[in-house]
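K.L.:
Show me the folded form of this:
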Amino acid sequence: MKTSLSRLAARIWSRKTGAGACLWPFSKLFEGIVRLRRFCYRAGLLKTSAFPVPVIVVGNITVGGAGKTPLIIWLARFLKAQGYHPGIVSRGYGGRPPSWPQRVDAGSDAAFVGDEARLIADRTGCPMAVSPVRSDACRLLLDNADCDLLLSDDGLQHYALERTLEIAVIDGERRFGNGWCLPAGPLREPVSRLNQVDLIVVNGGEARPGEFTMRMTGQEAVNLLTGQRRALAEFNGTPCHAVAGIGHPARFFRQLEKAGLACIPHDFADHFAFRRQDLEFGDEHPVLMTEKDAVKCRTFADARLWAVPVEAELDPAFAARLIELLSETHDR
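P.N.:
Presented below is the predicted three-dimensional model:
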């Protein structure tokens, strides 16, 4: 049901339609509430939390996946290479721990802390904590880990957390859909919100003036049971299943198509809680899935299941501008 509703919403939001027009008055009401809420935080009418280290917030203004997780991983690795000790905080979407906040590491259960958080912790090795209240996660890290900078995953609208820099990610294929706010369109905030962020990254598609490109690369698969690595090209000519429970499954399916694979696609709702039976397709063909999905399937993995890791490649100018902005914050 959730997957069907997601598909219906994607169709309505992709362009201006009659169905979307019927919701347009509610969209304007939503936009007004969003603007009022942001004004209240900026005017000090609502409480914010500040911290003694730089806070970089990564987010987007649209519903659905835009590529924030690969960017967070890239940022963490890049900043470590520059001599920083980053900590990472996230909402922990989909997680159901006994209490908040929660530390996240390679041994954490994705069902408790969320699939994206577990993946980020696995890939970066950075201290990480999750909580719907990001400031609680920040305090947990600063009190218990050696962090001199904090990265906030998907926190652009979490105004209770004061930030040093904002990075917005845009899906280069879908961009802003019909340009309307929820529920008539996919926007969490008006497009004009991008005028206030420090950096704009475009995942796929063509970057426009003031935007930096990000490309995803991934040419191998990793077996969930054995850890064996195989080039994607080795699956060429082999019947395969492709599974994606992410915000934009079509991007993953196209990645496999570009690698020459002919896969049977199976799209699930974002953050889908996979069970063994969800991946039983009545044959023994390989099942290729995203890394985010794979972290929820390791406990029942068999030899059919393969994760396809991706790496973000950023415009070199983005790295240079990021360091410049961070240097300016130290000089203040």
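K.L.:
Residue 206 - how many residues pack around it?
P.N.:
8 (other C-beta atoms under 10 Å). Where C-beta positions appear, they are placed from N, C-alpha and C, glycine not excepted.
K.L.:
err, residue 275, not the other one
P.N.:
For residue 275, using other C-beta under 10 Å, the count is 11.
K.L.:
Please give me every residue in contact with it.
P.N.:
Going by C-beta atoms under 8 Å, 6 or more residues apart in numbering, residue 275 touches residue 300.
K.L.:
what's the distance between the nearest residue to residue 323 once chain neighbours are set aside and residue 266?
P.N.:
Excluding its sequence neighbours, the residue lying closest to residue 323 (C-beta to C-beta, 6 or more residues apart in numbering) is residue 82, at 6.8 Å. Distance, residue 82 to residue 266, using C-beta to C-beta, to the nearest Å: 40 Å.
K.L.:
Leaving out chain neighbours, which residue sits closest to residue 222?
P.N.:
residue 307 (5.0 Å).
K.L.:
Would you list the phi and psi of the one you found?
P.N.:
phi -100, psi 150 (degrees, to the nearest 10).
K.L.:
between residue 82 and residue 266, who's got more neighbours?
P.N.:
Counted by other C-beta under 10 Å, residue 82 and residue 266 do not tie: residue 266 has more neighbours, with 18 against 13.
K.L.:
residue contacts, the more buried one?
P.N.:
Contacts of residue 266 by C-beta under 8 Å, 6+ apart are 241-244, 281.
K.L.:
Buried ones among those residues?
P.N.:
The neighbour-count test (16 or more other C-beta atoms under 10 Å) marks 241-244 as buried among the contacts of residue 266.
K.L.:
now, among those, which is nearest to residue 197?
P.N.:
Taking C-beta to C-beta as the measure, residue 197 lies nearest residue 244 of those, at 28.0 Å.
K.L.:
Tell me how far the closest one lies from residue 264.
P.N.:
12 Å.
K.L.:
Check residue 208 too.
P.N.:
In terms of C-beta to C-beta, residue 208 sits 36 Å off from residue 264.
K.L.:
So these two - more neighbours on which side?
P.N.:
Using other C-beta under 10 Å, the more surrounded residue of residue 208 and residue 264 is residue 264, with 14 against 11.
K.L.:
element containing the closest residue to that one other than its chain neighbours?
P.N.:
For residue 264, ignoring the flanking residues on the chain, the nearest one in space by C-beta to C-beta, 6+ apart is residue 241 at 5.1 Å. For residue 241, the host element (DSSP states H and E) is strand 240-244.
K.L.:
Neighbouring strands - and their directions - for that strand?
P.N.:
Sheet pairing for strand 240-244, assigned by DSSP bridges, gives strand 263-267 (parallel), strand 287-290 (parallel).
K.L.:
next structured bit after it?
P.N.:
Criterion used, DSSP H and E; the element after strand 240-244 is helix 249-258.
K.L.:
what residues does that following helix touch?
P.N.:
Here helix 249-258 makes contact (C-beta under 8 Å, 6+ apart) with 65, 173, 204, 216, 218, 232, 240, 242, 244, 246, 263, 265, 267-268, 288, 290, 308, 310.
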